[in-house]
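Asks: Got a predicted model here, sequence first, then my questions.
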Amino acid sequence: MSSSIRLFSFGTLQDPVVQRSVFGRELTGSPDLLTGHRVDVLRITDPEVIALSGLAEHPLLIPTGAEKDTVNGQVFEITATDLTAADDYEVDDYGRTEVTLASGLRAWVYLDKRYLDDPAD
């Protein structure tokens, strides 16, 4: 049996309005922390994403490797269908990778695609 699918959100996927649109429901999450990363800003040009989030600038996760750099967010337990929906919501500048959170949980997170080992994923 496979383990739970977890998604760490530090940005717009924490918004209940976005969650209802992307997942068809509001998610229940738990606070967690990601170390070795910082948040930057990405200017969004996709009109559908801007309309949904209400924001033209979204947070963008940048890996630094520095222990002092931390990002607060929420970890959600989701389904494989939810993960596909989140992939569809995120613009092409983001890539999904798995990380270990401060709690020790493993979770998917979207970060600046330029920092992925294989940006074609």
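Replies: Nice, I can see it.

Asks: longest strand of this protein?
Replies: Counting by DSSP state E, the longest strand found in the chain is strand 70-78.

Asks: tell me the angle the helix or strand that that strand is followed by makes with strand 70-78.
Replies: Going down the chain from strand 70-78, the next helix or strand is helix 80-89, by DSSP states H and E. Using axes from the mean of the first three to the mean of the last three Cα atoms, to 10 degrees, the inter-axis angle of helix 80-89 relative to strand 70-78 is 130 degrees.

Asks: by contact count, what packs against the helix or strand bottoming out on mean pLDDT in the chain?
Replies: Within the chain, confidence by mean pLDDT, DSSP states H and E is lowest for helix 47-53 among all helices and strands, at a mean of 81. Here helix 47-53 touches helix 16-23, going by 3 or more Cβ pairs under 8 Å, 6 or more residues apart in numbering; DSSP states H and E. C-beta: built from backbone N, CA, C; applies to glycine.
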